[in-house]
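**Q** need coordinates for the following:
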Amino acid sequence: MKIGSYQFDSNVFLAPMAGITDQPFRELCCRLGAGLAVSEMISSNPKVWHTEKSKLRMIHSESAGIRSVQIAGSCADELAFAAQINAENGAQIIDINMGCPAKKVNKKLAGSALLREPAQVEQIVKAVVNSVNIPVTLKIRTGWCENSRNGVEIAKIAQDNGIASLAVHGRTRNDFYKGNAEYDTIKAIKQAVSIPVVANGDITSVAKAEQVLSYTGADAIMIGRGAQGRPWIFREINHFLKTGTVMPIPSVSEVRSILLGHVKELHQFYGDFMGVRIARKHVSWYIHSLASLGECYTQCFAGEHGKEFRATFNGLSSTSEQLEMLNLCFDQLVH
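**A** Sure thing, here's the model as predicted:
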């Protein structure tokens with residue numbers, strides 16, 4: 001798949017997730033097979049760019065692959081300016097968020113709230129595309145609610161105004177993340193436009209990845225929650241799509257290297273205080289994922305063992321304590 005002049009080795013992408021797809025996680029997922037890792041959402045409001053959170057979200061490195069920066073807002077001029085600033089700071093792709101269902105975003109008429117305003121969508125897309133000389137992509141949902149699924153209409157507006165690629169989450173805004181994603185709308189969008197379409201929503205296994213690609217005809221898939229605690233899912237899907245065979249589960253030594261490496265990167269990126277706190281949620285996701293991965297992991301991570309591990313780990317307050325506990329746990333797994 002291509003976006004502008006960029007050709008991707010893998011058509012399995014990491015979806016942008018606020019508070020999750022920071023630089024350490026993007027780098028890790030790219031090393032493990034993600035073709036593109038889109039940044040966390042950045043507000044188009046310049047007044048918040050100087051906060052510590054925004055500064056961290058604006059950090060990018062070549063290790064995280066092609067630099068795709070997602071911006072969100074409701075004002076076309078603000079979004080165009082944000083696109084220009086991020087392009088000057090090294091962004092290679094600008095992604096516009098019209099998919100976030102969060103109330104605090106929607107009440108500002110940003111995110112998926114824009115799907116109710118096709119004229120505003122057109123104004124924003126046109127302004128952002130005309131403001132930069134790099135590809136602009138768009139992330140949407142299928143519509144605002146079940147009775148207003150206008151994904152095809154929005155897709156046509158996007159294509160007609162220069163959007164280079166469209167990612168579609170198979171839920172409406174009112175669905176949030178409940179129920180099951182539906183792919184009929186994504187399929188209809190793919191049939192209605194000629195720009196690349198990326199399917200997103202509930203892709204948590206190699207079989208589901210193949211099913212969604214086959215059913216929708218999408219050019220690529222985008223994985224969000226399915227990568228939490230399981231960043232090797234990109235490698236697994238790439239392998240399955242190429243060979244039709246399922247990869248063996250990662251070895252204990254490899255999981256140890258991935259998990260401890262990730263935690264160390266979080267400590268370094270955020271500093272000791274925030275690094276410890278952010279590591280807790282990622283380790284919790286790893287524990288949940290490993291509990292169902294194979295017998296070699298169940299002794300530490302399944303059932304009550306997993307609950308006890310998380311409770312103890314979440315009570316630790318220093319980087320050294322976190323790393324020591326993880327090393328001790330993996331020592332037990334090896335022996």
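
**Q** C-alpha only now, for contacts and for neighbours.
**A** Will do.

**Q** which neighbouring elements make contact with the strand or helix carrying Lys190?
**A** Under the criterion of DSSP states H and E, Lys190 resides in helix 184-192. In this structure, helix 184-192 makes packing contacts with helix 151-160, strand 197-200, helix 206-216, judged by 3 or more CA pairs under 8 Å, 6 or more residues apart in numbering; DSSP states H and E.

**Q** nearest residue to Phe234 other than its sequence neighbours?
**A** Closest residue to Phe234 apart from its sequence neighbours, by CA to CA, 6 or more residues apart in numbering: Gly33 at 4.9 Å.

**Q** count of neighbours near that neighbour?
**A** The tally of other residues near Gly33 (other CA atoms under 10 Å) stands at 23.

**Q** and for Pro101?
**A** 20.

**Q** hmm, it is touching Leu115, no?
**A** No. Using CA atoms under 8 Å, Pro101 is not in contact with Leu115; the gap is 10.9 Å.

**Q** surely the residue nearest to Phe234 and His239 touch.
**A** No. Look at Gly33 against His239 with CA under 8 Å: they stay out of range, at 9.5 Å.

**Q** picking up where we left off before, how far does the helix holding Lys190 sit from the chain's center?
**A** Relative to the chain's own centre, helix 184-192 is displaced by 21 Å; criterion: CA atoms, centre = their mean, to the nearest Å.

**Q** and that helix, which residues are buried?
**A** By neighbour count on 16 or more other CA atoms under 10 Å, the buried set for helix 184-192 is Thr185, Ile186, Lys187, Ile189, Lys190.

**Q** same deal with stretch 248-256?
**A** The neighbour-count check on stretch 248-256 (16+ other CA under 10 Å) flags Val255, Arg256 as buried.

**Q** first-to-last residue distance for it?
**A** Stretch 248-256 stretches 16 Å from its first residue to its last (CA to CA, to the nearest Å).

**Q** which other residues reach that stretch?
**A** Here stretch 248-256 makes contact (CA atoms under 8 Å, 6 or more residues apart in numbering) with Leu293, Gly294, Cys296, Asn327, Phe330, Leu333, Val334.

**Q** dump those to a markdown table, plus pLDDT.
**A** Converted to a markdown table, the contacts of stretch 248-256 look like this (pLDDT from 0 to 100):
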| residue | pLDDT |
| --- | --- |
| Leu293 | 81 |
| Gly294 | 73 |
| Cys296 | 74 |
| Asn327 | 94 |
| Phe330 | 89 |
| Leu333 | 80 |
| Val334 | 68 |
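
**Q** inside helices: which ones of those?
**A** Under the assignment DSSP state H, those contribute Cys296, Asn327, Phe330, Leu333, Val334 to helices.

**Q** which ones are touching the first one?
**A** Spelled out, it's Cys296. Cys296 touches Val252, Leu333, counting by CA under 8 Å, 6+ apart.

**Q** what about Gly271, neighbour count?
**A** 12.

**Q** tell me the SS of it?
**A** With DSSP: H, G, I helix; E, B strand; the rest coil as the basis, Gly271 sits in helix.

**Q** same question for the one 4 residues further on.
**A** Using three-state DSSP, the structure places Gly275 in helix.

**Q** now swap in the one 10 residues further on and tell me
**A** Assigned with three-state DSSP, Trp285 falls in the helix class.

**Q** surely it meets Ala227?
**A** No. With contact defined as CA under 8 Å, Trp285 does not reach Ala227; the gap is 9.3 Å.

**Q** more crowded one of these two?
**A** Each of Trp285 and Ala227 has its neighbours counted (other CA under 10 Å); Ala227 has more, 22 against 17.

**Q** quick check: the more buried one vs Thr204, distance?
**A** For Ala227, the distance to Thr204 equals 8 Å [CA to CA].

**Q** do the same with Ile249
**A** On the measure of CA to CA, Ile249 and Thr204 end up 15 Å apart.

**Q** with Ala158 instead?
**A** Counting by CA to CA - Ala158 and Thr204 are separated by 28 Å.

**Q** who's more crowded, the two?
**A** Using other CA under 10 Å as the criterion, Ala158 and Thr204 rank with Ala158 on top: 25 against 17.

**Q** quick one, what contacts that one?
**A** Ala158 neighbours (CA under 8 Å, 6+ apart): Glu122, Val125, Leu138, Leu166.

**Q** would you quantify the distance from the nearest residue in space to Ile186 that is not next to it in sequence to Cys329?
**A** Nearest residue to Ile186, sequence neighbours excluded (CA to CA, 6+ apart): Thr216, at 6.1 Å. Taking CA to CA as the measure, Thr216 falls 42 Å from Cys329.

**Q** of those two, who's got more company?
**A** Thr216 (21 against 16).
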